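**Q** A structural model of the following input is requested.
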Amino acid sequence: MDQNMQQSPRRRFFKLAALSAALAGFGATALARGGRHGGEAMSEVHLDRMLKHLYVEIDATDAQKQRLDPIVKQAASDLRPLRAKGQDARRRGAELFSADTLDRAAIERARVEQIAAADASSKRFTKALTDVAELLTPEQRRKLAARFARRGHGRGHFYG
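**A** Numbering: from 1, shown residues only. Below you'll find the predicted structure:
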């Protein structure tokens, strides 16, 4: 029997929530903010600089660069509001948990919103990652995966 099937529903929920948050966090961090740069949105200049470094690391051709730029920039743009929604849902959840009177229905709504935001970010990031991967050679994909692992994205896994 699969290990996930032996876990309690509560444990499976928390693992799923953690995985979704990690995926969403990774997608938002990698594309919307660029990682270790505080809470501000990534500027166009910073995104261009990050892409230049990435292109050197994976030995991207000029044709690949022209096709990759719009994919990454559109994903960054799409992920910014999703990240904000997730932050708002977490903030709302914290307020509900610290209230004098607990409102279980409101807490559940906040949980659903938080998971929905994480799922939407994860889907958008996965689409961008797949779109990028289709333009790369297998060797370039391996270099990109190694880069993610070195930088600590995904907490030791490729992304998740």
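**Q** Is residue 60 in a helix, a strand, or coil?
**A** coil (DSSP: H, G, I helix; E, B strand; the rest coil).
**Q** burial count for it?
**A** 21 (other Cβ atoms under 10 Å). The C-beta positions use only the backbone N, C-alpha and C, and glycine is treated the same way.
**Q** Now the phi/psi pair for it, please.
**A** phi -70, psi 140 (degrees, to the nearest 10).
**Q** surely it meets residue 140?
**A** Yes. With contact defined as Cβ atoms under 8 Å, residue 60 reaches residue 140; the gap is 7.1 Å.
**Q** buried sites along the helix or strand residue 75 falls within?
**A** Using DSSP states H and E, residue 75 sits within helix 62-97. For helix 62-97, burial by neighbour count (16 or more other Cβ atoms under 10 Å) applies to 64, 68, 71-73, 75-76, 78-80, 82-83, 85-86, 89-90, 92-93, 96.
**Q** Give me the mean pLDDT for it.
**A** Regarding helix 62-97, the rounded mean pLDDT is 89.
**Q** How are the helices of this structure distributed by residue range?
**A** 3-6, 9-27, 44-58, 62-97, 104-135, 138-150 (DSSP state H).
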